[in-house]
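Asker: Dropping the sequence and predicted coords here.
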Amino acid sequence: MSKSYFRKKSVTNILSDIENGLGDENHSAGPGSGLSKVLGVRDLTFMGIAAVIGAGIFSTIGEAAFHGGPGVSFLFIITAVTCGFSALCYAEFASRIPASGSAYTYAYASFGELIAWIIGWDLLMEYAIGNIAVAISWSQYFTNLLQGFNIHVPPYLTMDYLSAFRAGKALTALQEAGNTAEITATMQNQAEAWNTAPQFAGIRLIADLPALMIVCLITWLVYIGIKETKKATNAMVMLKIGVVIAVIVLGCFYITPENWNPFLPNGFSGVMKGVSGVFFAYIGFDAISTTAEECKNPQRDLPRGMFYSLIICTVLYILIALVLTGMVSYKELQVGDPLAFVFEKVGLTQISYIISVSAVIATASVLLIFQMGQPRIWMSMSRDGLLPKRFSKIHPKYNTPGFATIITGVVVAVPALFMNLTEVTDLTSIGTLFAFVLVCGGVLVMEEDIEHRPGRFKIPYINSRYIVPGLFIAGIAVFHNDIFELFRYTGDWHTYKDNIPYFLFFVLALVISVFSFLRQFSLIPVLGLLSCFYLMTELGWVNWLRFLIWLGIGLVIYFSYSYKNSKLHQDPAE
């Protein structure tokens, strides 16, 4: 019986369990009783595009452009490079360990059980919150689409309580102050929801019913099978790529170059304010890796699917950002449906309706992929004994993790009724980046642990011994004033606490530089780890605090249930 909190599950046993159908609640059926292997490289590429081209390009890109101006296109390049490093690490892990569970499974084999639990718990939050955000975004586009057909849903049934409450108070304050010019159409709509909502026992009944509806529909589709999910995903991806390309081509004729000046109106800091909205979309790489057990040839196809989807999505994001900020001023893009909005502004109302239809389909496809990924993480954690056995039960007819899928639907559908979009995208982004950090670190830890096998993808080795320390020293030389401020405490905790994430990054960069010099780490995983952790620092102290609270709850569950029920605790031979 192993009592170590960092006991590792060997790759050999992970692959053996999958091959023999072990670990699932119905494992007695033997080999071939598990998940259906039906996915090829095209399917994986489409799933990656489905997960990345959705709420980000149809919704949160507007908020990012509002802060960063036309220069937000730089943020997509930065994000793409960061994701490229992470995707290489994911691809190597997925090729080494073609098992469901994504970063959780990789961490179990590299860092050990406690870190695996932390990343698994993080992924559960990441997927659930991400699904909620996509459902809310879908609801906004669906409501706008209905309005185009003169179908008006009461505002109090289409948004969250917090947005309506804030808008109601803000509208009243602006009216009393006489600042009516600052009242936006969005604020008026939200305030109307607050003022017209029915009340019960003094509580206004405000909830996002369309978000609930789409989550229930998507959960049912994921529940009935991976083949059905694949067919629906492929069809939706082809449609939305066609629409996005059409938007880019048509929008080029309405670009006013003056709108690109200034290109960086709020400087580099303004660009980085859009990190949460942009990076939120790139969770798709993690979602692809959760389907490893349903791939025909995971060692070959998973890496290809990740890279193809990354390249395609990044090019589309950059072009869309330039078109949006060229058609209208970046100052007008703080809206929930920026693509439809810009075409309305140039008088192409009919085009905006088409975009609304495609946005409804696009965001539904994102929700489909996210909702497919999360149950497979529940399933993997259950296989290892860290969650109750029922979560790993495979449906005898549909060959999907049925119970886990239903629980995922409930966990997403209920909060989607009441949560705010901005709050959830920030929390999802920090969770995604944390997962990427551990995957990049895991490659460094496992680099010499697993024998290279023919046909397996492997990151090209570049010695970081002098490059990383050199970059660290150069960074100190360029940003020495900013670094000095990290160590200077003025006595004002309210102001200083925002420096803590940057301080942690500096310490991590120092440690990684030393180890790179001593152990000659591979450069690409090191750059992935550092770049992802830096983007985490841009998400603010509040999101770090919320994230740490969530991880704290997870640790309570681990020490009270998961540790003693772990299969490695009961059978150290695993």
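Answerer: Perfect, thanks for sending it.
Asker: So in this protein, where's the weakest helix or strand by average pLDDT?
Answerer: For the chain, the helix or strand with the lowest mean confidence is helix 55, at a mean of 60 (criterion: mean pLDDT, DSSP states H and E).
Asker: tell me the secondary structure for Tyr5?
Answerer: Secondary structure for Tyr5, judged by DSSP: H, G, I helix; E, B strand; the rest coil, is coil.
Asker: isn't it right next to Glu113, touching?
Answerer: Yes - at 6.4 Å, Tyr5 counts as touching Glu113 under the criterion of C-beta atoms under 8 Å. Every residue, glycine included, has its C-beta placed from N, CA and C.
Asker: Using PDB, write out the CA atom coordinates for the helix or strand that comes right after the least confident helix or strand of the chain.
Answerer: Downstream of helix 55, the next assigned helix or strand under DSSP states H and E is helix 61-68. What follows is helix 61-68, C-alpha atoms only, in PDB (Å, rounded to 0.1, in the frame of the first residue of the first chain):
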ATOM      1  CA  ILE A  61     -13.200  39.500 -29.300                       C
ATOM      2  CA  GLY A  62     -15.300  42.700 -29.000                       C
ATOM      3  CA  GLU A  63     -14.300  43.300 -25.400                       C
ATOM      4  CA  ALA A  64     -10.600  42.500 -26.200                       C
ATOM      5  CA  ALA A  65     -10.700  44.900 -29.200                       C
ATOM      6  CA  PHE A  66     -12.300  47.700 -27.000                       C
ATOM      7  CA  HIS A  67      -9.300  47.600 -24.700                       C
ATOM      8  CA  GLY A  68      -6.500  46.900 -27.100                       C
END
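Asker: For helix 61-68, which helices and strands make contact with it?
Answerer: When contacts are defined as 3 or more C-beta pairs under 8 Å, 6 or more residues apart in numbering; DSSP states H and E, helix 61-68 sits against helix 72-96, helix 267-272, helix 275-279, helix 298-327, helix 338-345.
Asker: which other residues reach it?
Answerer: Residues from elsewhere that reach helix 61-68 (C-beta atoms under 8 Å, 6 or more residues apart in numbering): 72, 74-75, 264, 266, 270-274, 277-278, 317, 320-321, 324-325, 330-331, 333-338, 341, 422.
Asker: got the angle for that helix vs helix 72-96?
Answerer: Using axes from the mean of the first three to the mean of the last three C-alpha atoms, to 10 degrees, the direction of helix 61-68 lies 130 degrees away from that of helix 72-96.
Asker: what's the angle between helix 61-68 and helix 338-345?
Answerer: Orientation of helix 61-68 against helix 338-345 (the same axes, to 10 degrees) gives an angle of 80 degrees.
Asker: returning to that earlier point: just the buried subset of the contacts of helix 61-68, written out for ChimeraX, thanks.
Answerer: Per 16 or more other C-beta atoms under 10 Å, the buried members of those correspond to this ChimeraX selection:
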select :72,74,75,266,270,271,272,273,274,277,278,317,320,321,324,325,330,333,334,335,336,337,338,341,422
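Asker: Can you check what pLDDT the model gives Val514?
Answerer: If you check Val514, the pLDDT there is 94.
Asker: State the number of residues packed around Leu171.
Answerer: Per other C-beta atoms under 10 Å, the neighbour tally for Leu171 reads 21.
Asker: Give the buried residues for whichever strand or helix holds it.
Answerer: Using DSSP H and E, Leu171 maps to helix 161-177. Using 16+ other C-beta under 10 Å as the test for burial, helix 161-177 gives 161, 163-168, 170-171, 174.
Asker: same question, stretch 437-449
Answerer: For stretch 437-449, by 16+ other C-beta under 10 Å, it's 437-447.
Asker: same question, stretch 297-310
Answerer: Buried-residue list, stretch 297-310, by 16+ other C-beta under 10 Å: 298-310.
Asker: likewise stretch 344-360?
Answerer: In stretch 344-360, counting by 16+ other C-beta under 10 Å, buried: 344, 346, 348, 351-353, 355-360.
Asker: any idea which of the buried residues of stretch 297-310 is closest to Glu126?
Answerer: For the buried residues of stretch 297-310, the residue nearest Glu126 by C-beta to C-beta is Met306; the value is 17.3 Å.
Asker: right, and the helices and strands packed on helix 61-68 - which one's nearest Arg546?
Answerer: helix 275-279 (12.3 Å).
Asker: neighbours around the closest residue to Arg465 other than its chain neighbours, how many?
Answerer: If the residues on either side of it in the chain are set aside, Arg465 comes closest to Gln520, at 4.6 Å by C-beta to C-beta, 6 or more residues apart in numbering. Applying other C-beta under 10 Å, we find 13 residues neighbouring Gln520.
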